[in-house]
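1. Show me how the following folds:
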Amino acid sequence: MFINELFCKGFEKIILDTNVNNIAAQRTYEKLGFCKVRTNVDAWQDQLGVWQSSIDYELTK
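-> Numbering: from 1, shown residues only. The predicted model follows:
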């Protein structure tokens, strides 16, 4: 698995983020062992100018 390869190459932590509305990605990250770290409210604007929130996930070796 790619995650194990990263840890074998010396990485200590993997950080991911996803749109707060992307429930499928959140479930996948959690099944892989990632932990929710924080929610970033109104973190960025999409191409229509609508503010979007994101969730940060983290997995440590």
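2. Now the lengthiest helix in the chain - C-alpha only, PDB.
-> Counting residues, the longest helix found in the chain (DSSP state H) is helix 23-31. Provided in PDB are the C-alpha atoms of helix 23-31 (Å, rounded to 0.1, in the frame of the first residue of the first chain):
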ATOM      1  CA  ILE A  23     -18.600  12.300   3.000                       C
ATOM      2  CA  ALA A  24     -17.300   9.500   0.800                       C
ATOM      3  CA  ALA A  25     -13.700  10.700   1.100                       C
ATOM      4  CA  GLN A  26     -14.100  11.200   4.900                       C
ATOM      5  CA  ARG A  27     -15.300   7.600   5.300                       C
ATOM      6  CA  THR A  28     -12.400   6.300   3.300                       C
ATOM      7  CA  TYR A  29      -9.800   8.200   5.200                       C
ATOM      8  CA  GLU A  30     -11.300   7.100   8.500                       C
ATOM      9  CA  LYS A  31     -11.300   3.400   7.400                       C
END
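3. who does it touch, helix- and strand-wise?
-> strand 13-19, strand 51-60 (3 or more C-beta pairs under 8 Å, 6 or more residues apart in numbering; DSSP states H and E). C-beta here means a position set from N, CA and C on the backbone, and glycine is covered the same way.
4. hmm, who's touching it?
-> Leu16, Thr18, Asn19, Lys36, Ile55, Tyr57 (C-beta atoms under 8 Å, 6 or more residues apart in numbering).
5. so what's the most far-flung residue of the chain relative to its centre up against?
-> Distance from the C-alpha centroid of the chain peaks at Leu48, with 23.0 Å (C-alpha atoms, centre = their mean). By C-beta under 8 Å, 6+ apart, Leu48 lies in contact with nothing.
6. circling back to that earlier point, okay, the helices and strands packed on helix 23-31 in CSV with mean pLDDT, distance to Glu5 and mean neighbour count next?
-> Formatted as CSV, the helices and strands packed on helix 23-31 follow (pLDDT from 0 to 100; distance: least, C-beta to C-beta, whole Å; neighbours: other C-beta atoms under 10 Å):
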stretch, mean pLDDT, distance to Glu5, mean neighbour count
strand 13-19, 97, 11, 15
strand 51-60, 97, 13, 16
